[in-house]
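J.: Coordinates for the following, if possible.
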Amino acid sequence: MGTTPTQHDLDGLLPSEFLVEASGVPAIAYVRAGSPGSPTIVGLPGGGHLARVFYGHPGSRAEDFLDYWLEKSGFGLIALSYPSDHRVFRRRLPDLTVTDWGNAAAAITAEIIKTRGLRGPTVPIGWSMAGRAFRAFNVAARSADLDMPGFIALAAFPPMPGMVRVDPKGEPFTVEGFWRTGCDDAGLSARNESFLRDINWGETELIDAAAYAEYYIVNTPIRLRGEPNQRAGLERNSLLDTIADLGTFAYPDYPFTGVIAPTRISDARHALTDQATWGFLNSQKLFSEYSAANSMPALDGAWSQLRELALQLPTRLCRYVEGAHFFFVGRDGAAQTALHIEDLCKQLEDLQVTMARLLAP
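T.: Residues are numbered from 1 along each chain as shown. You can find the predicted model right below:
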């Protein structure tokens, strides 16, 4: 794994970042080790954004970003930006699939954990579109023997198509074939203007328009969006192809997932549905684990406890933070999100212990 970038390539990186590669898929990586034995969080960004949404840009206030608060809790952070049209990437991969990215991100994470001698569990957090890759990442992570009790979704879409509005006329694309989620010739798009208002709501300006354009937004491989029929002539992009790429119905391959959702009406889908949507998938995962045990729980009362656990999961693994799609940016939101991450990491670890006890032969 690895690349040897030229100085021209390095011009697009922050001093804390470096290029990595696995399975032919490059990524921008940021790594900060935590306290020995503490969890290492793996930050995966959403559509049109670099993973800097988790750790900030030059001149920003550290306390406005998750990394600052995760470090206070002793947690490490590996933040990975998927290949986009950012100038640091020498090769363009506009047709990158969710499976490609999930496999590469897991392999990169495993290599960083190994080479840096990091100890403790690994817990990926995925924001927005990154939730599409949870199943693929989980499968690849198991093959790499990562110690991973589960995932945490930050206003994230699961690997289920049909949850994002698809424009009948298709999405806008760059000449290189990327989904146009970055700047256009006129500057910030209406989409990004809306995101910037979301970032800066109720606060002093956290990220100004110039910094947002320079350090955060990029054009995105369209298949990572996890929706079919995004562009006329795009091969392998039917509904069936998308379902196969996402692994939508491969419930045994899903991780148990903690949820942190927003509250504001401007992100109504996540505010209203995340608890139920991820709760459904967690219950399917629980049933898959039960089925794989190949027998009724043997302990007295274990069946009743398993049923009670199934009823509890949607609320036990869900937390809310005041805000909208960028609720985790800004001092208060970042601090609260970090506390919820710490709590959900414990919940996911406890859940693994409980499941092993209840399903013991």
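J.: Ile41 reaches Glu71, doesn't it?
T.: No - checked against CB atoms under 8 Å, the pair Ile41 and Glu71 is beyond contact range at 10.3 Å. Every C-beta, even on glycine, is put in place using the N, C-alpha and C of the backbone.
J.: Neighbour count: the two, which is higher?
T.: It is Ile41, of Ile41 and Glu71, that has more neighbours when counted by other CB atoms under 10 Å, with 27 against 18.
J.: Now that one, what are its backbone angles?
T.: Here is the backbone geometry of Ile41 (degrees, to the nearest 10): phi -90, psi 140.
J.: can you check the one 3 residues further on too?
T.: Note on Leu44: its backbone torsions stand at phi -120, psi 120 [degrees, to the nearest 10].
J.: From Glu322, how far out is Asp332?
T.: Taking CB to CB, to the nearest Å as the criterion, Asp332 is separated from Glu322 by 8 Å.
J.: Same check on Asn237?
T.: Noted for Asn237: a distance of 37 Å to Glu322, by CB to CB.
J.: Looking at these two, which has the bigger crowd around it?
T.: Neighbours per residue, other CB under 10 Å: of Asn237 and Glu322, the larger number sits with Asn237, 19 against 12.
J.: got a list of what the closest residue in space to that one that isn't next to it in sequence touches?
T.: Take Asn237 and drop its neighbours on the chain: the residue closest to it by CB to CB, 6 or more residues apart in numbering is Pro228, 5.7 Å away. If you count contacts by CB atoms under 8 Å, 6 or more residues apart in numbering, Pro228 has them with Pro161, Val166, Asn237, Ser238, Leu239, Asp241, Thr242.
J.: and the gap between Pro228 and Gly47?
T.: With distances defined as CB to CB, the gap from Pro228 to Gly47 amounts to 16 Å.
J.: do Leu239 as well
T.: Spatial separation of Leu239 from Gly47 under the definition CB to CB is 19 Å.
J.: Of these two, give the one with the bigger neighbour count.
T.: Each of Leu239 and Gly47 has its neighbours counted (other CB under 10 Å); Gly47 has more, 25 against 12.
J.: for that one, phi and psi?
T.: Dihedral pair for Gly47: phi -60, psi 130, per degrees, to the nearest 10.
J.: Does it touch Asn219 like I think?
T.: No - here Gly47 does not reach Asn219: they are 9.8 Å apart, not a contact under CB under 8 Å.
J.: shared neighbours, those two?
T.: Residues touching both Gly47 and Asn219 (CB under 8 Å, 6+ apart) are Trp179, Thr181.
J.: one step back: look up the residues that both of Ile41 and Glu71 are in contact with.
T.: Contact criterion CB under 8 Å, 6+ apart; residues bridging Ile41 and Glu71 by contacting each: Leu77.
J.: quick revisit: state whether the residue nearest to Asn237 is indeed within a helix.
T.: No - when the secondary structure is assigned by DSSP: H, G, I helix; E, B strand; the rest coil, Pro228 falls in coil instead of a helix.
J.: Could you measure from it over to Cys183?
T.: Pro228 is 27 Å from Cys183, where distance means CB to CB.
J.: Same check on Tyr216?
T.: Look at Tyr216 and Cys183: by CB to CB, they are 10 Å apart.
J.: The two: which has the busier surroundings?
T.: With neighbours defined as other CB under 10 Å, Tyr216 and Cys183 compare such that Tyr216 has more, 22 against 17.
J.: Is it correct that that one is in contact with Val53?
T.: Yes - Tyr216 sits in contact with Val53 when judged by CB under 8 Å, with a separation of 6.5 Å.
J.: helix/strand/coil for the residue nearest to the spatial centre of the chain?
T.: When the chain is reduced to its mean C-alpha position, the nearest residue by CA atoms, centre = their mean turns out to be Gly126, at 1.5 Å. For Gly126, the reduced secondary structure class is strand; criterion used: three-state DSSP.
J.: wait, it sits on Ala155?
T.: No - using CB under 8 Å, Gly126 makes no contact with Ala155, being 9.7 Å away.
J.: What number of residues are in the vicinity of Thr181?
T.: For Thr181, the number of neighbouring residues by other CB under 10 Å comes to 25.
J.: Contact partners for it?
T.: Taking CB under 8 Å, 6+ apart as the contact definition, Thr181 lies against Gly47, Gly48, Ser189, Arg191, Asn192, Ile217, Val218, Asn219, Thr220.
J.: and what of Asp147?
T.: Going by CB under 8 Å, 6+ apart, Asp147 touches Gly120, Pro121, Thr122.
J.: Tell me the backbone dihedrals of the second one, please.
T.: The main-chain torsion angles of Pro121 are listed as degrees, to the nearest 10 and equal phi -70, psi 160.
J.: related to what we said a few turns ago, how far away is the residue nearest to the centre of the chain from Thr204?
T.: 28 Å.
J.: next one: stretch 48-55 to chain centre, how far?
T.: The chain centroid and the centroid of stretch 48-55 are separated by 11 Å under CA atoms, centre = their mean, to the nearest Å.
J.: what does stretch 152-164 give?
T.: Using CA atoms, centre = their mean, we find the averaged C-alpha position of stretch 152-164 to lie 10 Å away from the chain's own average C-alpha position.
J.: go on, stretch 258-275?
T.: Relative to the chain's own centre, stretch 258-275 is displaced by 15 Å; criterion: CA atoms, centre = their mean.
J.: next structured bit after the worst-scoring helix or strand of the chain on mean pLDDT?
T.: Counting by mean pLDDT, DSSP states H and E, the chain has its least confident helix or strand at helix 7-10, which shows a mean of 44. Downstream of helix 7-10, the first helix or strand assigned by DSSP states H and E is strand 17-22.
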